[in-house]
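Colleague: The following comprises the amino acid sequence and a computationally predicted model.
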Amino acid sequence: MKTCGRYKPGVPAAILLLPCFALGQSAPPPVIDETVPPASDNYLPGPDSQPHPSVAAGKTFSFQMADSNIFPGATRTITVYVPAGYRGDKPACVYVGLDGLGFNAATVFDNLIAQHAMPVTIGIGVSPGSVPSANAPENPRYDRSFEFDSLSNRLARFVIEVVIPQVERHKTPDGQTIILSSNPDDRAIGGGSTGAIAAFTVAWERPDAFRRVFSAIGTYVGMRGGEQYYVLVRKTEPKPLRIFMQDGVHDEWPGGPEMGDWWMSNLTMNRALEFAGYDVRHVWGAGTHNGNQASSVFPDAMRWLWRDWPAPIHAQEPGNPVFKSILQPGEYWQAAAQGCVVTTLAADPQGQVFYSASGGRGPEPLPAGREPFHCGGPLNEVPGFAFAADGRLYQARAEGGIKVTANGRQAASLGQGLNIHNLTVRNNGDIYAVTSTRNSHNELWLIRANAEKIRLDQDLKGASGVALSPDGLWLFVTQSESRAGLSYRVHPDGTLDAREEFYDFYVPGWADDSGAGQIAMDHDGRAYVATRVGVQVFDRNGRVAAILPLPGNWAADSVCFGGHDFDTLYVASGGQVYRRKLHIAGAPPWATPAKLPPWGAG
């Protein structure tokens with residue numbers, strides 16, 4: 001029997017399937033049941049949230065923290081819970097509560113630790129900061145939304161670099177040394193409302209430091225960009241996180257409904273996490289914007305978050321189909337080199353990857369061994385370089401122009417008078433290069449193999465990378481000082497037109513521009529761009545389809561495909577070079593132009 005859908009919103013929404021009328025018969029209009037359970041905040045804490053005479057209680061102390069280089073001028077209270085079973089002889093696990101510990105956390109921890117339902121854990125409650133005015137106590141600046149709602153790495157840095165070391169400088173009320181584990185699998189973080197999105201942001205930005213998240217009535221709305229998470233979670237390769245979410249169908253803070261639908265934002269966030277492949281669990285209720293239900297479920301949330309400890313939390317298989325197309329299962333980032341200040345990576349026709357080296361030595365090969373190669377010594381920035389189909393090396397020179405080398409000997413000198421930053425070589429030997437002038441206005445040039453120079457564009461905003469599509473029909477130029485990358489149509493003679501700000505970069509909340517650098521292309525026409533958030537992968541319509549974060553969430557400085565089959569992606573980042581074998585091969589710019597798979601408007 002054919003069925004028709006009947007939508008019934010609720011907790012959660014459900015689709016009811018009803019019989020359809022036969023073809024030609026008139027059918028009644030669909031019935032929409034908009035019944036929502038009445039608001040109820042009658043959630044009571046259970047026995048695990050109550051003190052028990054048989055369970056030894058931990059001790060709590062507080063101290064004031066004033067000023068820091070991350071949040072200048074802000075003062076706050078830090079509250080520390082130490083469980084009764086802590087002896088100070090080995091590192092304890094950590095739970096950080098934002099807006100303080102909350103949720104009867106000290107009592108819950110006492111009970112769950114006694115039940116061996118969670119490890120010995122020291123709790124750290126972090127209150128938001130406030131900055132007194134010059135006429136205190138009049139009109140202080142409250143930093144809570146700034147610190148907690150912002151999509152930034154600053155709060156993560158503050159917790160990791162300032163709060164945790166400060167706590168370890170104190171003694172327990174019994175005079176014991178506080179030793180906190182640095183293992184991310186031993187650390188959890190949580191909060192309610194603005195503290196919830198803050199907890200998620202800390203773990204999202206630093207999964208190398210926190211991997212367990214408790215989110216109650218989270219503000220994943222348009223406070224300071226929280227609504228971006230729905231998309232970012234779907235597009236970013238899953239991180240090794242475990243998330244417990246709570247919210248109520250009547251959740252909406254009366255002071256901010258114009259910022260979004262608070263209840264729907266949590267549903268959407270949960271759906272994004274499930275789609276992306278995260279280990280996520282939710283509990284929905286009928287409550288409003290308060291912590292009643294969160295406090296009642298907090299013990300079960302902790303049980304779930306800490307289950308199977310000390311087993312590590314691993315990233316799950318991605319749900320994003322783009323990742324399924326480009327990633328090789330079981331292959332992850334591997335360190336290829338250390339101690340390298342790399343500005344350019346490029347591969348020769350044999351797939352050997354070269355990196356920029358200092359001291360006028362020119363590009364040097366990156367050894368392909370399993371152990372990371374140590375570049376050694378401080379390296380100075382070296383202008384860009386690229387290879388041609390015949391193996392010739394085209395290297396920009398600090399004094400201007402391009403030095404062309406064949407078999408170790410200089411074969412030509414091109415582009416005299418141009419201060420070239422990056423370049424790519426076409427299959428016919430022509431060069432596209434981006435330059436910078438004395439007034440920092442970047443230009444795009446075509447330098448023909450016969451040494452003719454043609455200026456194609458000017459006044460670019462920090463032009464930093466340049467790449468041809470695998471069929472040679474389009475040119476992509478990144479602008480590090482803009483939020484957009486440029487697309488140009490390529491004519492048979494190499495000239496360009498149809499310029500458009502076509503590539504729409506994701507820019508993190510702590511930056512004003514993309515910071516984009518080098519570009520690598522795969523055989524299907526996707527572009528892989530080194531950016532502040534790792535490698536952003538663009539589809540052929542100029543949209544970010546996937547984001548590959550790097551270890552430590554460091555920014556990517558340069559990127560290229562290499563290896564025998566050109567199926568290994570190399571990325572330079574923060575003095576390291578990483579490599580990762582992919583499911584798809586790269587398309588070198590000097591390769592013979594190849595027809596791309598069919599594509600649509602999307």
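Modeller: Cool, got the structure.
Colleague: ok, Ile454 touching Leu496?
Modeller: No - Ile454 is beyond contact range of Leu496, at 9.5 Å (criterion: C-beta atoms under 8 Å). Any C-beta I mention is one placed from the backbone N, CA and C, and that applies to glycine too.
Colleague: which one of the two has more residues nearby?
Modeller: Regarding Ile454 and Leu496, a neighbour count based on other C-beta atoms under 10 Å identifies Leu496 as having more, with 20 against 14.
Colleague: Kindly state the beta-bridge partners for the closest residue to the more buried one other than its chain neighbours.
Modeller: Nearest non-adjacent residue to Leu496, counting by C-beta to C-beta, 6 or more residues apart in numbering: Tyr488, 3.9 Å away. Beta-bridge partners for Tyr488, by DSSP bridges, are Leu475.
Colleague: Need the pLDDT of Tyr488.
Modeller: Listed pLDDT for Tyr488 reads 98.
Colleague: neighbours around it, how many?
Modeller: Neighbour tally, Tyr488, other C-beta under 10 Å: 22.
Colleague: same thing with the one 4 residues further on?
Modeller: Summarising burial for Pro492: neighbours were counted as other C-beta under 10 Å, giving 7.
Colleague: That one and Thr424, how far apart?
Modeller: For Pro492, the distance to Thr424 equals 17 Å [C-beta to C-beta, to the nearest Å].
Colleague: again, but for Ala311
Modeller: Distance of Ala311 to Thr424, computed by C-beta to C-beta: 46 Å.
Colleague: Pick out whichever of those two has more residues nearby.
Modeller: Applying other C-beta under 10 Å to Ala311 and Thr424 shows that Thr424 carries more neighbours, namely 27 against 8.
Colleague: Give the closest residue to that one in space, chain neighbours not counted.
Modeller: Pro589 (4.4 Å).
Colleague: and if you look at Asp522?
Modeller: Ile584 (4.9 Å).
Colleague: sorry, back to before: identify the residues contacting the residue nearest to Thr424.
Modeller: 386, 424-427, 467-468, 521 (C-beta atoms under 8 Å, 6 or more residues apart in numbering).
Colleague: so how far is Ala347 from it?
Modeller: For Pro589 relative to Ala347 (C-beta to C-beta), the value is 10 Å.
Colleague: For stretch 274-292, buried residues please.
Modeller: For stretch 274-292, a neighbour-count test (16 or more other C-beta atoms under 10 Å) marks 276-292 as buried.
Colleague: Tell me the bridge partners for Leu180.
Modeller: Ala92.
Colleague: what about Ser295, neighbour count?
Modeller: Number of residues near Ser295 (other C-beta under 10 Å) recorded here: 22.
Colleague: ditto for the one 5 residues further on
Modeller: The criterion is other C-beta under 10 Å. On that basis, Asp300 has 17 neighbouring residues.
Colleague: Show me what the helix or strand that contains it is packed up against.
Modeller: Assigned by DSSP states H and E, Asp300 falls within helix 292-306. With contacts taken as 3 or more C-beta pairs under 8 Å, 6 or more residues apart in numbering; DSSP states H and E, helix 292-306 sits against helix 105-114, strand 187-192, strand 212-216, strand 242-248, strand 279-285.
Colleague: From the contacts of Pro589, which land in strands?
Modeller: Judged by DSSP state E, the contacts of Pro589 include 386, 424-425, 467-468, 521 as members of strands.
Colleague: Tell me the one among these nearest to Phe103.
Modeller: Met521 (49.5 Å; C-beta to C-beta).
Colleague: tell me which residues form a beta bridge with that closest one?
Modeller: According to DSSP bridges, the partner residues bridging Met521 are Ala527.
Colleague: Check which element follows the lowest-mean-pLDDT helix or strand in the chain along the chain.
Modeller: Lowest on mean pLDDT, DSSP states H and E among the helices and strands of the chain sits strand 14-19, with a mean of 33. The C-terminal neighbour of strand 14-19 among helices and strands, as given by DSSP H and E, is strand 59-66.
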